[in-house]
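>>> Here's a sequence, model it:
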Amino acid sequence: MTLPWALAADPTKFRGRAFREDDRGPRGPRDAFQRDRDRIVHSVAFRRLRHKTQVFVAPDGDHFRVRLTHSIEVAQIGRTMARALGLNEDLTEALCLAHDLGHPPFGHGGEDALSACLADAGGFDHNGHTLRLVTALENPYPAFDGLNLSWEALEGLAKHNGPVVAPGWAMAEANAGFDLELGSWPSLEAQVAAIADDIAYDNHDIDDGLRSGILDLDALLEEPFVASLWAEIDRRHPGLDRTKKLKALVRDGIGTMVGDVLDETRHRIAEAGVETIDDVRSAGRQLVGFSDRMQAEERGLKRHLYVQLYDSDALKPIRIEAQRIVGDLARCYRDDPALLPPGWQRGEGEVARLRGIGDFIAGMTDRFAIARHEELVGPVHLPDRF
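Numbers count the residues shown, from 1 in each chain. Predicted coordinates:
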C-alpha cells in the first residue's frame, strides 16, 4: 500500500531556490529534485567521499566501504523505500547521496578533533558543514556560490534527524540566507533518508567488521536480531557454507529492517491522520521509523558495534593517530596561515580565519590529510591493514 499522493514532495510545487537562475542554457528534461540530485553527484565534495573514512581509515582492502560507497548504498535503500511508500524518489535519493558530504577526513574521530581545534570559532559539526558546502563552498555556477539546491533538499539535509533546536554556527548561517523552518519536522523523504542511513551502516558495518576479523561472529550471534536472521538462513538453506551465509545475513538484515520500517510508517501515518506535507511537518513526531521491537533490537546491535568494532582495541589506536593528524594540521595552519592554498586564507577576522582553516581541513580526504601532515609536520603511523 502506498501513501496518499499528497504526502509526497511535488517538484512542480517546490518552494524555490535561494537564487533565481538563468535557464536559457541547456538543462535537459529534469525536474527540480532531479536537478538537485545531479548537482550533488557532479559536485567536488561528492567525488571526495571515495577517499574518506567510513569505518576504516584510508582502507587498504578494496572491499571495505568508504563514505562514497556507503552513500550510494544508502541511496539504494532510500529509493526503494520511497518507491514502496509512493514518495518522491529523486528527492529521497538526493538527500541520501548528500547526507555525508560534510564529513572531514577520518570519520567521527576526525570530526571530534577538528571541532576541538575550532572550539574558539564555534566548533565543527558535519551536518552543519554539509549545509555550508552546498550553500557556500561549492562554486560551479557563475552567478552565485553553492549548488543552489531546492528548499526541500536543504530542509532535508538540515533536519533529516528531526527538528534542530540549537543549530551550530554553520547551519545557522545557511538558515539565515534561506529560512528552512528548523523547528519543524522535515518531509517524509528526509525521514526515509535518515533511517536508510541507519539500515545501511548497521548491516554493512557487520559485513566489514566480520571481513576485517575485528567482529566475532559468535559474539554477534548473541544479539537477538542477528540470531533470528542466522536461524532463518539455516532453515531455508541447510548446510550452506559460512561465506554465503554471511552474505545472506547482511542481505536479510537490510530486507528485514526495510520491511519493518514500511509497515511501521504506514501504521504511524494512518494513526496520525496526516493528509498533507504541512501536516507531516507539524505532526510533532517522527513518522518514518522502526517498530518498538525492531528499535530495541537495532539499538542493541548498535551498542554491540560500538563496543566491539568502532571502539575496539584494534581501531582505537588508529583513531587516536587520525585525530593527531587533524589536530597537528589545524595547529600548523593556525600558526602559519600562509601555508594555506590561495583562496583559503580568510582575512575577515580571527573567527573567519579559523573557520576557513576548518573548511580546508574538512574538505581533505584521508590520504590528502596524511600527505599534508607528512609534508608539513612529520611522519604518520597508521597500520597498512586498515
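>>> CA atoms for contacts and neighbours, from now on please.
Noted.
>>> Does Ala248 lie in a helix or a strand, and which?
Here Ala248, judged by DSSP states H and E, is contained in helix 242-272.
>>> what ranges do the helices span in the stretch 251-386 of the chain?
Listed in chain order, the helices of the stretch 251-386 of the chain (DSSP state H, counting those that start in this stretch) span 277-281, 292-305, 316-335, 350-362, 366-376.
>>> which one of these lies closest to Ala270?
helix 277-281 (11.7 Å; Cα to Cα).
>>> Would you mark the buried spots in the closest one?
Applying a neighbour-count criterion of 16 or more other Cα atoms under 10 Å, one finds 277, 280-281 buried in helix 277-281.
>>> I'd like the helices of the stretch 251-386 of the chain written out as CSV, with distance to Ser187 added.
Compiled in CSV, those are given as follows (distance: least, Cα to Cα, whole Å):
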stretch, distance to Ser187
helix 277-281, 7
helix 292-305, 21
helix 316-335, 35
helix 350-362, 28
helix 366-376, 33
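>>> okay, those in CSV with mean pLDDT and distance to Asp207 next?
Output for the helices of the stretch 251-386 of the chain, formatted as CSV (pLDDT from 0 to 100; distance: least, Cα to Cα, whole Å):
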stretch, mean pLDDT, distance to Asp207
helix 277-281, 96, 35
helix 292-305, 98, 11
helix 316-335, 94, 19
helix 350-362, 95, 27
helix 366-376, 96, 22
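>>> Show me the one of these that comes nearest Ile77.
Nearest to Ile77, of all the helices of the stretch 251-386 of the chain, is helix 292-305, at 16.6 Å by Cα to Cα.
>>> can you list contacts of that closest one?
Where contact means Cα atoms under 8 Å, 6 or more residues apart in numbering, the residues beyond helix 292-305 that reach it are 202, 205-206, 220, 223-225, 257, 260.
>>> Pull out the buried members of those.
The neighbour-count criterion (16+ other Cα under 10 Å) marks 202, 205-206, 220, 225, 257, 260 among these as buried.
>>> Looking at the helices of the stretch 251-386 of the chain, which is nearest to Arg236?
With Cα to Cα, the closest approach to Arg236 among the helices of the stretch 251-386 of the chain belongs to helix 292-305: 22.0 Å.
>>> how many degrees apart are that closest one and helix 242-272 in direction?
Here helix 292-305 runs at an angle of 140 degrees relative to helix 242-272 (axes from the mean of the first three to the mean of the last three Cα atoms, to 10 degrees).
>>> Going by neighbour count, list what's buried in helix 292-305.
Judged by neighbour count (16+ other Cα under 10 Å), helix 292-305 contains these buried residues: 294, 297-298, 301-302, 304-305.
>>> Distance to Ala143 added to those residues, as JSON lines?
Written out in JSON lines, the entries for the buried residues of helix 292-305 read as follows (distance: Cα to Cα, whole Å):
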{"residue": "Met294", "distance to Ala143": "48"}
{"residue": "Glu297", "distance to Ala143": "49"}
{"residue": "Glu298", "distance to Ala143": "46"}
{"residue": "Leu301", "distance to Ala143": "47"}
{"residue": "Lys302", "distance to Ala143": "45"}
{"residue": "His304", "distance to Ala143": "49"}
{"residue": "Leu305", "distance to Ala143": "46"}
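>>> so which helix or strand takes in the residue nearest in space to the middle of the chain?
Using Cα atoms, centre = their mean, the residue of the chain that lies closest to the mean C-alpha position is Asp100, 3.1 Å off. Assigning secondary structure by DSSP H and E places Asp100 outside every helix and strand.
>>> Just to check, it is in contact with Ile72?
No - counting by Cα atoms under 8 Å, Asp100 stays clear of Ile72, with 10.8 Å between them.
>>> contacting residues for Pro186?
Shown here is Pro186, whose contacts under the criterion Cα under 8 Å, 6+ apart are 155-156, 159-160, 162-163, 280-281.
>>> where does it fall, phi/psi-wise?
Summarising the backbone geometry of Pro186 under the convention degrees, to the nearest 10, its torsions are phi -90, psi -180.
>>> separation between it and Val41?
Summarising the geometry, the distance separating Pro186 from Val41, computed by Cα to Cα, to the nearest Å, is 22 Å.
>>> what sits against Ala362?
The neighbourhood of Ala362, defined by Cα under 8 Å, 6+ apart, consists of 102-105, 114.
>>> hmm, 7 Å instead?
By Cα atoms under 7 Å, 6 or more residues apart in numbering, the contact list for Ala362 reads 103-105.
>>> ok, these vs Asp328, which is closest?
Proximity of these to Asp328 (Cα to Cα) peaks at Pro105, which lies at 13.4 Å.
>>> Just to check, the closest one is in contact with Arg367?
No - counting by Cα atoms under 7 Å, no contact exists between Pro105 and Arg367, whose distance comes to 8.5 Å.
>>> the more surrounded of these two?
The neighbour comparison of Pro105 against Arg367 (other Cα atoms under 10 Å) goes to Pro105, with 32 against 17.
>>> Phi first, then psi, for that one.
Dihedral angles of Pro105 (phi, psi; degrees, to the nearest 10) stand at phi -60, psi 150.
>>> measure it to Ala6 for me?
Counting by Cα to Cα, the gap from Pro105 to Ala6 is 40 Å.
>>> same deal with Gly213?
The spacing between Gly213 and Ala6, counted by Cα to Cα, is 48 Å.
>>> now swap in Phe360 and tell me
Between Phe360 and Ala6 the distance is 42 Å, computed by Cα to Cα.
>>> now for the contacts of helix 292-305, which pair is the farthest apart?
Comparing every pair within those by Cα to Cα identifies Leu220 and Asp260 as the most remote, at 21.0 Å.
>>> which stretches of the stretch 1-150 of the chain have low pLDDT?
Segments of the stretch 1-150 of the chain classed as low confidence (criterion: pLDDT under 70) are 1-5, 58-62.
>>> Which stretches in it count as helices?
Counting by DSSP H, counting those that start in this stretch, the stretch 1-150 of the chain has these helices, from start to end: 32-41, 44-48, 67-85, 89-98, 107-117, 126-132.
>>> Out of those helices, which is the most enclosed?
Most buried of the helices of the stretch 1-150 of the chain by mean neighbour count (mean count of other Cα atoms under 10 Å) is helix 89-98; its value is a mean of 29.
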